[in-house]
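J.: sharing a sequence plus its predicted fold:
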Amino acid sequence: MKNRKYILRFSLHVLYWALFFGALFVFTDFKAFNINFFTIDFPITLFYSYFTAYVLIPYFFPRNRYLYFILSLLVLSMVLSYIRLTNYNYLYYSVYQGSLDETQHKFSFAQLVLNAKDFSFGLLIFLATKFTRNWITSEKDRLEFEKEKTESEFRLMKSQIDPHFLFNTLNNLYSLSVVDPQRTSPVIKKFWGIMDYLVNECSVAEIPLEKEIKLISDYVELERIRYSERLYFEFNVTGEMNSKMIPPLVFFPLVENCFKHGSSNDPGQPWIKLYLEETRDGLRFTASNSLFNSKDPVDSRPFEQSEARLQERLGALLPGRFRLKTDRFRDMYIVKLEVLLQ
């Protein structure tokens, strides 16, 4: 596998230079296709490009020594330009003239600079191609990382819901087995259905909306066991729900919070009202619950933490497709969630 990777990489480099010099020959009407190209231009261009890309840049850039890099590049280009001019003249005079004038080794600074532009052009194209490819690869890796991060955050958020729900339900089952053993069996069946939903259904991107509605209804029925007749509950659904798909566990945390921050702390007559309605471009879910009307100031931290978790969770499930609004009063807490369906 490793050898195949190196062979592929080598083949891509060969293909790149073949395309580059092929385009150069066509652009110059094949005037650059001569003995000087194979003996001087080609080796110098390759050395200049690879030495800069794999030696100078890796050495100076991580150390933020950009000025030293520029100076090194200028010195290297002048040296290569001198070698190129010297050998150009040597080949020309030795092959075609038969003698070499000593003055042909003397060059002005302007000649060196102008001569360096040829292989410098090759360097610029090579670096542009290399770093564009590196950027595309890094961007692909970044997107893959973001996807994995979102998926792991979703799994973490789901795991944060399950223990609290599991604890409450098991506590309800224990209470029911003591008070009314005959009702335990159907309740266990509901509990099994909910756990099957959490374990199996939540692994997909979207589920039918009616499954989420059934989950909420079954969950409330299990929670009402420990409240008996104290809890007043409403769940109204209006509109067409059968054909809609949503990410799993979108509305369920709002219902769970009604019990966690409302009814469980109310020793009197708690109430919970849920409304799910179809809108022009999606769904609107409203969850309201009573708060224990105490003379003591209401601690806002649990509500703020819950709202922050909801925002984070919904941002992962429905990026840019939801609006969440909360209102908290002394005796009532209201959450409105609008979901834009695709």
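T.: In hand now; what should we look at? No experiment lies behind these values; they were computed from the predicted model shown.
J.: quick check: phi and psi on the residue lying closest to Asp218 once chain neighbours are set aside?
T.: Counting by Cβ to Cβ, 6 or more residues apart in numbering, Asp218 lies nearest to Lys190, which is 4.8 Å off, once chain neighbours are set aside. For the C-beta atoms, the positions are set from N, CA and C on the backbone; glycine is no exception. The phi and psi values for Lys190, taken as degrees, to the nearest 10, are phi -60, psi -40.
J.: next one, pLDDT for Lys190 please.
T.: As predicted, Lys190 sits at a pLDDT of 79.
J.: and it, what does it touch?
T.: Residues touching Lys190, when contacts are defined by Cβ atoms under 8 Å, 6 or more residues apart in numbering, comprise Asp218, Glu221, Leu222.
J.: please apply the same query to Asn289.
T.: Neighbour list for Asn289: Cys258, Phe259, His261, Gly262, Ser263, Pro270, Trp271, Ile272, Lys273, Met332, Tyr333 [criterion: Cβ under 8 Å, 6+ apart].
J.: check Leu254 too.
T.: Residues counted as contacts of Leu254 (Cβ under 8 Å, 6+ apart) are Phe285, Ala287, Leu310, Val335, Leu337.
J.: return a ChimeraX selection command for the buried portion of these.
T.: Selecting just the buried residues from the contacts of Leu254 in ChimeraX takes one command, with 16 or more other Cβ atoms under 10 Å as the test:
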select :285,287,310,335,337
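J.: check the contacts of Leu254 against Ile70 and report the nearest one.
T.: Using Cβ to Cβ, Leu310 is the member of the contacts of Leu254 that sits closest to Ile70, with 52.3 Å.
J.: next SSE downstream of the helix or strand harbouring the closest one?
T.: Taking DSSP states H and E as the definition, one finds Leu310 inside helix 301-317. Next along the chain after helix 301-317, taking DSSP H and E as the criterion, comes strand 322-328.
J.: can you spell out which helices and strands pack onto that next one?
T.: helix 301-317, strand 332-340 (3 or more Cβ pairs under 8 Å, 6 or more residues apart in numbering; DSSP states H and E).
J.: lowest average pLDDT across the ones you listed?
T.: Comparing mean pLDDT across these, the lowest value falls on helix 301-317: a mean of 78.
J.: what packs against it?
T.: Using 3+ Cβ pairs under 8 Å, 6+ apart, the elements in contact with helix 301-317 are helix 109-179, helix 252-261, strand 322-328, strand 332-340.
J.: what does stretch 230-238 contact?
T.: Stretch 230-238 is touched from outside by 213, 216-217, 220, 223-224, 263, 268-278, with contacts defined as Cβ under 8 Å, 6+ apart.
J.: for that stretch, which positions count as buried?
T.: Using 16+ other Cβ under 10 Å as the burial criterion, the residues of stretch 230-238 that qualify are Leu231, Phe233, Val237.
J.: for stretch 63-82, same thing?
T.: Burial within stretch 63-82, assessed by neighbour count using 16+ other Cβ under 10 Å, is assigned to Phe69, Ser72, Leu73, Leu76, Ser77, Leu80, Ser81, Tyr82.
J.: list just the nearest of these to Ala316.
T.: Closest to Ala316 out of these is Phe69 (41.9 Å), distances taken as Cβ to Cβ.
J.: how about the closest one: what's its closest non-neighbour residue?
T.: The spatial neighbour of Phe69 that comes closest, neighbours along the chain excluded (Cβ to Cβ, 6+ apart), is Phe60 at 3.8 Å.
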